[in-house]
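Q: build me a model:
(chains A and B)
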Protein chains: 2
Amino acid sequence: MGRVAVIGAGCTPVGEFYEKSLRDLAVEAALKAMDSAGVSKVDFLYVGSAFSQLVQGQGNLGALVADGLALQGVEAVAVEASDASGALAFHEACRAVASGEANLALTVAVDKLSDVTGSELSKALMAGVEQDYIAFTGVTLRGLAAILHRLYLEKYGVTHGEVASLPVVSHTHASTNPYAQYRNKVTVEQVLNSPVVAEPLRLLEVSSPADGAAALLLCPLEEAKKYTDKPVEVAAVASASGNFVLTEAEDLLSFKAVQLAAGKAYRKAGVAPEKIDFVEIHDSADVVGLISLEDLGLAGRGEAAKLAARGDLYLQGRLPTNTMGGVKARGNPGGATSLYQLVEVFWQLRGEAGRNQLPKAEVGLAQSLGGLYSFATVTILRRV
Amino acid sequence: MGRVAVIGAGCTPVGEFYEKSLRDLAVEAALKAMDSAGVSKVDFLYVGSAFSQLVQGQGNLGALVADGLALQGVEAVAVEASDASGALAFHEACRAVASGEANLALTVAVDKLSDVTGSELSKALMAGVEQDYIAFTGVTLRGLAAILHRLYLEKYGVTHGEVASLPVVSHTHASTNPYAQYRNKVTVEQVLNSPVVAEPLRLLEVSSPADGAAALLLCPLEEAKKYTDKPVEVAAVASASGNFVLTEAEDLLSFKAVQLAAGKAYRKAGVAPEKIDFVEIHDSADVVGLISLEDLGLAGRGEAAKLAARGDLYLQGRLPTNTMGGVKARGNPGGATSLYQLVEVFWQLRGEAGRNQLPKAEVGLAQSLGGLYSFATVTILRRV
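A: Numbering: from 1, shown residues only, chains lettered A, B, ... in the order given. Next up, the predicted model:
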């Protein structure tokens, strides 16, 4: 497989944009990414979106975004894997470049959840979960996360305050990220005293639906210097599916999809977990993020909460995590969330993360989940 | 780009299957394709579906189908491009094999439209069309096709009976295809006397929503003989987007997306249009299929209807078209339709098309459309 570089990136702020359309957001992010590399035309376009069909009634997003960018004739592919859509679109773009077919591949991911509320929103958010046996019961993503939360506390003898330390980290990092939706710092006490959304889960422990778009531009590594002095290499892309009927999992506190995807990614990149300088994890709920850290091999079972409580996950800590605010505090625009992660990793590796810049950023990993945790992507980027 | 072979194929019949789920259909087709090549495990899975989100409320189809096939851990990617979803998923599978990443890539496409009726169905069917300016008006796909139909008759001085010759061909071919939904032969008179669905378009001129799944198995060409004595080579895959806001097209009777995709496909395959032995075209409405033939360079402007009326498109004609019944009569299970086309081309090239077998089938082309005609795929397969 040919080596692939990321040469440009861009995103919109995350928020609620009533004056902008899905297309507006996608085009804004795409043009930023293209401008950042001085490129005005690409030959492949990959679009990731999880919810455009159920929220805007809009499918065929490859053609929509191509048209919005005046890129008619481009190969345009829309990819969907719930919140992992953007990362998976990026993986496909990598393969198009690696196959020798694509010279310049643009990945754009977008979702705009503020267009609906109530039952329409609930239905959309559950689309990634198995419908016939799980969604059918009326359970929500937060209800499912609450089950994991309770189990996690009981099995590992961890305190709620330790688990709730993760959103404290994410909000702290978001506070200095101009693109983040929630830039307020919070304390463990504030998290624990926030309203219950699904016992024992509190409001400040879960992400909330938002609007946003992110974009990354790819080319063969050997061409990258034509566009930028600071290309970033795609060291590995890997995804895996796990139990789709979540109740069939052997161990609810271990995400098989993450383990399998991470194993493949470390192997392909030739990198051991301890060589990862920083990570972006899918903290759609704090406990989901913590289990992810454990399945990535970056913390022992039940120990991720301890790392969070000890301060190891801050920018200056041993394992900087969610360096721009994570899913929780940067904000969660559905299928775009996982591409925001990659934009953030790219910026860290290029030294362009502003006030959130890490002193050491050679190898970064981003992990995303779809369908609560039935599907996972792992992407490793590194400085050239 | 490495050379890619198709080594197995399978499909369910097209129809209305109230006793089967979306997953059941996908798994049935996938197992047939895998069995046909003696394969029980793959490393990549591509799933195409246009309507599962709006019809079943189900996204994250990569994980769903992987789980249904007990292929946990597999890379699983769901691709969407309206009716062209299945073909586009196939294109992505080709790239995964060509990049050297995938050793065995399975493409499955599925849709099950019988689960909804009325406004729910109408909304789903329009998802591929631009929402803010086109779908917003309340127009339907058939209403849009009717505009093209009227223009086609007026501009080219063609008779309605000549246009209506295409469904006669498609039904004739479907009559001997055991997988086809509509196996009744029809005459031009019957087409012209069938109920009006959108003046001047008649019921027997348009396809109707259905259920079905199709699957194809791919591997590197140099490995193909391990699995089958009769591999088929993927000579070219290409797609293109055109005007997403359909009214912005310079010429409504010319599908830019098809022209652009076909141009790329012929170039990549090193094959001129006149070397194509048979074609599968997207006759969602007869006039749409005829314009497609013209944009593929297989008929002059306004002449495709004449070819149909003259009998050139029958199995024994000069340009055998829709050899298994086409979108119209084999049936139209949404995003799976374009993968049925490729299964059919594969069978023709292998000499496995039963009573519909062509005497000469060296190179076959399949063309599909998404969002009425804002997006197009063209795939060329050939005997090795």
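Q: residue contacts, residue A:256?
A: By C-beta atoms under 8 Å, 6 or more residues apart in numbering or on different chains, residue A:256 lies in contact with A:240, A:242, A:243, A:249, A:250, B:72, B:73. (Glycine included, C-beta is placed from N, CA and C.)
Q: among these, which are located in strands?
A: residue A:240 (DSSP state E).
Q: buried ones among the contacts of residue A:256?
A: A:240, A:242, A:243, A:249, B:72, B:73 (16 or more other C-beta atoms under 10 Å in any protein chain shown).
Q: need the three-state assignment for residue A:219.
A: strand (DSSP: H, G, I helix; E, B strand; the rest coil).
Q: correct me, but it touches residue A:2?
A: No - contact between residue A:219 and residue A:2 fails when scored by C-beta atoms under 8 Å: they sit 10.5 Å apart.
Q: any shared contact partners between those two?
A: With C-beta under 8 Å, 6+ apart, residue A:219 and residue A:2 have common neighbours residue A:97.
Q: who has more neighbours, the two?
A: Between residue A:219 and residue A:2, counted using other C-beta atoms under 10 Å in any protein chain shown, residue A:219 has the larger neighbour count: 24 against 14.
Q: count of neighbours near residue A:315?
A: Residue A:315 has 21 nearby residues by other C-beta under 10 Å.
Q: no, scratch that, I was asking about residue A:126
A: Neighbours of residue A:126 (other C-beta under 10 Å): 25.
Q: same question, residue A:312
A: 18.
Q: re the thing from before, can you redo the contacts of residue A:256 as JSON lines with pLDDT and distance to residue B:255?
A: Shown next, in JSON lines, are the contacts of residue A:256 (pLDDT from 0 to 100; distance: C-beta to C-beta, whole Å):
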{"residue": "A:240", "pLDDT": "97", "distance to residue B:255": "38"}
{"residue": "A:242", "pLDDT": "92", "distance to residue B:255": "41"}
{"residue": "A:243", "pLDDT": "91", "distance to residue B:255": "43"}
{"residue": "A:249", "pLDDT": "89", "distance to residue B:255": "47"}
{"residue": "A:250", "pLDDT": "90", "distance to residue B:255": "51"}
{"residue": "B:72", "pLDDT": "89", "distance to residue B:255": "41"}
{"residue": "B:73", "pLDDT": "92", "distance to residue B:255": "40"}
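Q: contact partners for the spatially closest residue to residue A:273 that is not a sequence neighbour?
A: Spatially, and ignoring its direct neighbours in sequence, residue A:273 is nearest to residue A:297 (4.0 Å; C-beta to C-beta, 6 or more residues apart in numbering or on different chains). Neighbouring residues of residue A:297 by C-beta under 8 Å, 6+ apart: A:262, A:266, A:273.
Q: try it again with 10 Å
A: Counting by C-beta atoms under 10 Å, 6 or more residues apart in numbering or on different chains, residue A:297 makes contact with A:258, A:259, A:262, A:263, A:266, A:272, A:273, A:274, A:276.
Q: cool, residue A:244 as well?
A: Taking C-beta under 10 Å, 6+ apart as the test, what residue A:244 contacts is A:128-130, A:133-134, A:257, A:371, A:374-375, B:23, B:60-68, B:72.
Q: residue A:25 too?
A: Residue A:25 touches A:11-12, A:17, A:68, A:108-112, A:211-214, A:333, A:336, counting by C-beta under 10 Å, 6+ apart.
Q: what's the closest of the residues you listed to residue A:158?
A: residue A:333 (30.0 Å; C-beta to C-beta).
Q: which parts of stretch A:266-274 are buried?
A: Buried residues in stretch A:266-274 (16+ other C-beta under 10 Å): A:266, A:268, A:269, A:271.
Q: filter these by proximity to chain B?
A: residue A:268 (C-beta under 10 Å from any C-beta of the partner chain).
Q: so which helix or strand takes in the spatially most central residue of chain A?
A: The centre of chain A sits closest to residue A:338, judged by C-alpha atoms, centre = their mean, with a distance of 2.3 Å. When elements are assigned from DSSP states H and E, residue A:338 belongs to helix A:337-350.
Q: same thing with residue A:369?
A: strand A:363-370.
Q: who does that strand touch, helix- and strand-wise?
A: helix A:85-98, strand A:232-241, helix A:256-269, strand A:278-280, helix A:286-295, helix A:337-350, strand A:375-383 (3 or more C-beta pairs under 10 Å, 6 or more residues apart in numbering or on different chains; DSSP states H and E).
Q: neighbouring strands - and their directions - for it?
A: strand A:278-280 (parallel), strand A:375-383 (antiparallel) (DSSP bridges).
Q: next up, phi/psi of whichever residue of the stretch 201-350 of chain A sits closest to chain B, please.
A: Proximity of the stretch 201-350 of chain A to chain B (C-beta to the nearest C-beta) peaks at residue A:244, 3.5 Å away. Per-residue torsions, residue A:244: phi -80, psi -40 (degrees, to the nearest 10).
Q: report pLDDT for the residue nearest to it when sequence neighbours are not counted.
A: Sequence neighbours aside, residue B:67 is the residue nearest to residue A:244 in space, at 3.5 Å (criterion: C-beta to C-beta, 6+ apart). You'll see residue B:67 listed with a pLDDT of 96.
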